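Q: Would you be able to build a 3D model of this:
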Amino acid sequence: MDYSEKWGVDVEEAVKLALVDLKLSRDEVEVTVLEEPSKGFFGIGSKLAKVRVEKKKPAVEEKPAEPEKKEKPEYKKSEKAENPVSGGLEKEARTEDKPRNKGNRNQKKKHNGNREKKEKFTAPDLDIDPVNKEDLHDIENHEALAFLKEITEKMGLNLNFHAKAGEDIVYLEMDGKDSGTIIGKRGQTLDAIQYLTSLVVNKNSEKYIKVVIDAENYRAKRQKTLEQLANRLAAKVVKTKKYVRLEPMNPYERKIIHATLQKNPNIITRSEGEEPYRRVIIELKK
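A: Presented below is the predicted three-dimensional model:
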């Protein structure tokens, strides 16, 4: 096979995949970019890169026979230059395993005493405690509302907006046919937009204003789901007497798990790992 077409996150990654497929070095091929990559907006509308990598055709002139022989070792050196890439990745993967076994244990011993403090202050912008809407009043104009409308319009989303405010809080709620898109996977898009809106609102503010953004009552539904999950897994731990490791969660969701099981006499919870891969461990109390 003299050519290969590959997709990748960017052009370089696609080229590397094609080189592996052809078993050639970068100097032995010609690269044609068929499709440029695009990051999109908040991951929406992103596109991969596509390249066509073709083996260079041999030169027509046969006079410089000796230089051709000299060029062959250069190609071999280039091929060896590609190998350390995969070899380096394998070594990197191995070295990552070692700190996990040794370093993490040491970290757990050091931080066990103030684990709960970390949970409270890791990401204040995602401190989405239940909002009492009765204490808030309706508003039509606000910097947060204007920014939210602008950013969702640029995303091409069709949404309705409802805004309320208090002394030091702004609550924005959305609904409409594109609610699922604005929420994103496990609320990640919603959290990202809330974070950006909070930065805009508090940029020139003398005191901190809490910004909470919700869509189709997602926050309350997510909290109820996490509470049910925590109780179900706690029962499983008691029955099997084996600990359970949850998927990585943001600080707010981990806080819900901890709070739900805090009064369970048979269970203890802790967090391990570093952001954004920090997760909750549910285990049997000894």
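
Q: ok now stretch 25-34, how far from the chain's centre?
A: In terms of Cα atoms, centre = their mean, to the nearest Å, the centre of stretch 25-34 is set 32 Å apart from its chain centre.

Q: Rounded mean pLDDT for that stretch, please.
A: Across stretch 25-34, the average pLDDT comes to 88.

Q: what does stretch 165-184 give?
A: 91.

Q: Now do the buried residues in it.
A: 165, 170-174, 176, 178-179, 181-184 (16 or more other Cβ atoms under 10 Å). Where you see a C-beta, it was placed from the backbone N, CA and C, and this is true even at glycine.

Q: measure that stretch end to end?
A: End-to-end distance of stretch 165-184 (Cα to Cα, to the nearest Å): 25 Å.

Q: for stretch 151-165, same thing?
A: The straight-line separation of the ends of stretch 151-165 (Cα to Cα) is 20 Å.

Q: what does that stretch contact?
A: The contact list for stretch 151-165, computed with Cβ atoms under 8 Å, 6 or more residues apart in numbering, reads 41-42, 44, 133, 136-140, 142, 144-145, 148-149, 170-179, 181-182, 193, 196-197, 215.

Q: could you pull out the strands for the stretch 151-286 of the chain?
A: Secondary structure of the stretch 151-286 of the chain (DSSP state E, counting those that start in this stretch): strands at 160-165, 169-175, 210-215, 244-245, 267-272, 279-284.

Q: Using a markdown table, lay out the buried residues of stretch 165-184 together with distance to residue 280.
A: Compiled in a markdown table, these are given as follows (distance: Cβ to Cβ, whole Å):
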| residue | distance to residue 280 |
| --- | --- |
| 165 | 33 |
| 170 | 30 |
| 171 | 27 |
| 172 | 29 |
| 173 | 28 |
| 174 | 29 |
| 176 | 33 |
| 178 | 31 |
| 179 | 28 |
| 181 | 28 |
| 182 | 26 |
| 183 | 22 |
| 184 | 21 |
